[in-house]
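Visitor: Everything below, folded, please.
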Amino acid sequence: MSKPYEKLEMAEASETAQISTSPVEKKEEEGAERDAWGAKTEYMLALIGYAVGIGNIWRFPYLCHRYGGGSFLIPYIIMLFVMGIPMFCLETCLGQLTNKGAPGAFAAMHPLFRGIGYAAMVVDLICSYYYNSIIMWILRYFLSSFTLGDLPWADCPLNSTCCIHPDNATMHYWYYDALKASNDIGVVGGIDWYLFGCLVIAWVVCFLCMCKGVESSGKVVYFTATFPYVLLVVLFFRGVTLPGAGEGIKYYITPKWEHLMNPEVWRTAATQIFYSLGIAFGSVVAYSSYNKKNNNCLLDGIIVTLINCCTSIFGGFVIFSILGYRAHKTGVKFENLKSGPGLAFVAITDAISEMSIGPLWAILFFFMLFLLGLDSQFGMLESLLTSLKDEFPILNRARKELVSGSICLFLFIAAIPMAFQGGLYIVDILDNWSLSYPLLIIAVTEMVAVSWVYGVDRFADEIKEMIGYRPNLYFTICWKYVSPVLVSLLILSGIVLSILQGYPSYEKFVGCDNTTLIDQGLAPEATASWVVPDKMPGGVVGFIVLINMASCFMIPLYAIKYFNDKRRSRL
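Guide: Numbers count the residues shown, from 1 in each chain. Predicted structure coming up:
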């Protein structure tokens, strides 16, 4: 039986597959050695740190709140078992089996699918480009929390007329002080040197932690992947002892069973599982490619996905205990709660500013977010670096620090516009519009490559040779039928929803002058919202299409290249 890491080539006459020496075997013959984890613990912590990210804290609790409280956990857990665990384990096994980054791993299934890995590389490049800008915002708040007096977002400026709503002080700080946001997506504005400095720090930290690949990042994760749990536990016990915490937790877990009849709830649960675990980025494949061949990668995948799920649920208790305290102190209810920056930089900061020794709790909260974001960034950068070194072996001759530093420097320079006043819109566009379809298409294509082209039974037999036992029927059925169908449905439902929603829009910052909003008919009197929906410019829509095509088209482009090479070989 041929191994998956043996390169498949088409013979000129018979057009049957012939086995040649694999790239891995060639490197071994030349005496080159592939990097490896120093210990099994490093691999597990790196994988946990990558999968457990900022979204576990600022997105999952919001989704529970919006889609039925405790009842949302039912579709969430079901999707975890029929999609999350099988797909995550497929990638851990594939990486360990091939000892290659994403392009080489999928090419080992069949040369036709090398483009899947290149599509994942483009996704990693895009996501790494803007993800550190979110870490830049977190650092901005983290550094601003070091104060002996009140937190800087605790009160509106004395000459401001914005504070007509209890949380307007934190809104004012977010838009006017932290971001200095422009009032239109087409207005770049000036640079904020404070944010620029935070961006420099974010990329310098990334470089220092990853300068030697897994050799250095494997040591860093002992701290970055474990300490956030210490902080989360500390914040949990602080949160549940606050007045009103019980009401917040009750709001979080109380089931609203009627939501289970809404198809959007199930689609959202599936999407959250998909993105929370970081499937289809190539990072899981890259991390697993540094394992020893006899490592139980199947069990590792199960453990990491369950830890990720439990962290999301536990994080919800932390967030809603704090929000319950906020409601108790200020009277601000949960109805207008938003995910992402709106939760972390407005709602939670508002609650923390009401606590005694608020600066301490702000420091702990934002340091936790910083570490969570850092580990996820490590995963995406490591996937990119691993794939580049596998595809271009000449890079292995250069110093690791030079290769890592070049990538970090390039992405830092490209990300400088994020520190301008219009940076908020760039992050919003890339985060909400650039990755959804590419990741889903990569995921369904990789399952087709493994389960249908290479063969799910053949793949399962190869896993047995590594770990000593064959994946059971649960995995093989999910890999071949259940998971591909679910991901395909996510793609189709997303297209239908996009058509029904019509022309895309974005949230335009209009400031706190409610008089202007009321005169324009854009807001009711005394509204707390400082943004209004606005039509997205045609140029921005074109940019979004281009970004999506840049990754998705890698798959058919490399398929065309394969068939073209095959045709030439016959001549």
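Visitor: Report the mean confidence score over the helix or strand harbouring Ile560.
Guide: Secondary structure from DSSP states H and E places Ile560 in helix 554-570. For helix 554-570, mean pLDDT rounds to 90.
Visitor: Centre of the chain to it, how far?
Guide: 32 Å (CA atoms, centre = their mean, to the nearest Å).
Visitor: Show me what it is packed against.
Guide: On a contact count with 3 or more CB pairs under 8 Å, 6 or more residues apart in numbering; DSSP states H and E, helix 554-570 meets helix 114-144, helix 436-447. Just so you know, the C-beta spots here come from the backbone N, C-alpha and C atoms, and that holds for glycine as well.
Visitor: Determine the angle, from 0 to 180 degrees, between the shortest one and helix 554-570.
Guide: It stands for helix 436-447. Using axes from the mean of the first three to the mean of the last three CA atoms, to 10 degrees, the direction of helix 436-447 lies 40 degrees away from that of helix 554-570.
Visitor: For the helix holding Ile560, which outside residues touch it?
Guide: 10, 12, 111-116, 118-119, 121-122, 441-442, 445 (CB atoms under 8 Å, 6 or more residues apart in numbering).
Visitor: which among those gets closest to Gly55?
Guide: Gly55 lies nearest to Ile442 out of the contacts of helix 554-570, by CB to CB, at 18.5 Å.
Visitor: Okay, the closest one and Met121: tell me how far apart.
Guide: Ile442 is 10 Å from Met121, where distance means CB to CB, to the nearest Å.
Visitor: Comparing these two, which shows the higher neighbour count?
Guide: Neighbour count, other CB atoms under 10 Å: between Ile442 and Met121, Ile442 has more, with 29 against 23.
Visitor: check contacts around the nearest residue to the more buried one once chain neighbours are set aside.
Guide: Nearest in space to Ile442, with sequence neighbours left out and distances taken as CB to CB, 6 or more residues apart in numbering, is Ala280 at 4.2 Å. By CB under 8 Å, 6+ apart, Ala280 lies in contact with 120, 123, 274, 439-440, 442-443, 446.
Visitor: follow-up on the earlier one: please convert the buried members of the contacts of helix 554-570 into PyMOL selection syntax.
Guide: Selection of buried members from those for PyMOL, criterion 16 or more other CB atoms under 10 Å:
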select buried, resi 10+111+112+113+114+115+116+118+119+121+122+441+442+445
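Visitor: of the contacts of helix 554-570, closest to Phe320?
Guide: Closest to Phe320, out of all of the contacts of helix 554-570 and judged by CB to CB, is Ile442, at 33.7 Å.
Visitor: There's contact between the closest one and Ala120 in this structure, I believe.
Guide: Yes - taking CB atoms under 8 Å as the definition, Ile442 is a contact partner of Ala120 at 5.8 Å.
Visitor: okay, and the common contacts of those two?
Guide: Contacts common to Ile442 and Ala120, judged by CB under 8 Å, 6+ apart, are 280, 551.
Visitor: about what we covered before: pull out the buried residues from the contacts of Ala280.
Guide: 120, 123, 274, 439-440, 442-443, 446.
Visitor: which residues in the protein form strands?
Guide: 7-10, 17-20, 505-509, 531-535 (DSSP state E).
Visitor: Okay, buried residues for the third one please.
Guide: For strand 505-509, a neighbour-count test (16+ other CB under 10 Å) marks 506-509 as buried.
Visitor: wait, which of these is closest to Gly422?
Guide: Using CB to CB, these come closest to Gly422 at Phe509, 9.9 Å.
Visitor: From Asp431, how far off is Met368?
Guide: Distance of Met368 to Asp431, given as CB to CB: 20 Å.
Visitor: If you could redo that for Leu381, that was the one I meant.
Guide: 18 Å.
Visitor: Compare these two (neighbour count), which wins?
Guide: Counted by other CB under 10 Å, Leu381 and Asp431 do not tie: Leu381 has more neighbours, with 28 against 17.
Visitor: ok, the more buried one to Leu199 distance?
Guide: Taking CB to CB, one finds Leu381 at 15 Å from Leu199.
Visitor: Same question for Asp350.
Guide: Where Leu199 is concerned, Asp350 sits at a distance of 25 Å (CB to CB).
Visitor: With Phe366 instead?
Guide: 16 Å.
Visitor: what number of residues lie near the residue nearest to Tyr118 when sequence neighbours are not counted?
Guide: Once flanking residues are discounted, Tyr118 sits nearest to Met554: 4.2 Å by CB to CB, 6+ apart. Per other CB under 10 Å, the neighbour tally for Met554 reads 23.
Visitor: Tyr76 too?
Guide: Counted with other CB under 10 Å, Tyr76 comes out at 25.
Visitor: can you count the residues close to the residue nearest to it when sequence neighbours are not counted?
Guide: Once flanking residues are discounted, Tyr76 sits nearest to Ala269: 4.5 Å by CB to CB, 6+ apart. The tally of other residues near Ala269 (other CB under 10 Å) stands at 22.
Visitor: Could I get the phi/psi values of Phe146?
Guide: With angles defined as degrees, to the nearest 10, Phe146 sits at phi -80, psi 90.
Visitor: try the one 5 residues further on
Guide: The phi/psi pair for Leu151 (degrees, to the nearest 10) reads phi -60, psi 150.
Visitor: ok now do it, which residues does it touch?
Guide: 144-145, 349, 352-353, 358-359, 362.
Visitor: Looking at those, which is nearest Met79?
Guide: When these are compared against Met79 (criterion: CB to CB), the nearest one is Thr349, at 31.2 Å.
Visitor: List the residues that contact the closest residue in space to that closest one that isn't next to it in sequence.
Guide: In this structure, Thr349 finds its nearest non-sequential neighbour in Thr170, 5.0 Å apart by CB to CB, 6+ apart. Residues near Thr170 by CB under 8 Å, 6+ apart: 153, 345-347, 349-350, 353.
Visitor: quick one: which of these has the most company?
Guide: The residue in the contacts of Thr170 with the most neighbours, by other CB under 10 Å, is Thr349 (29 neighbours).
Visitor: what's the spacing between it and Gly239?
Guide: 14 Å.
Visitor: For the stretch 51-200 of the chain, just list every one of the helices.
Guide: Remark: helices assigned in the stretch 51-200 of the chain by DSSP state H, counting those that start in this stretch are 55-58, 60-66, 73-79, 85-98, 102-109, 114-144, 168-172, 193-210.
Visitor: most tightly surrounded among these?
Guide: Counting by mean count of other CB atoms under 10 Å, helix 102-109 has the highest mean neighbour count of those, with a mean of 29.
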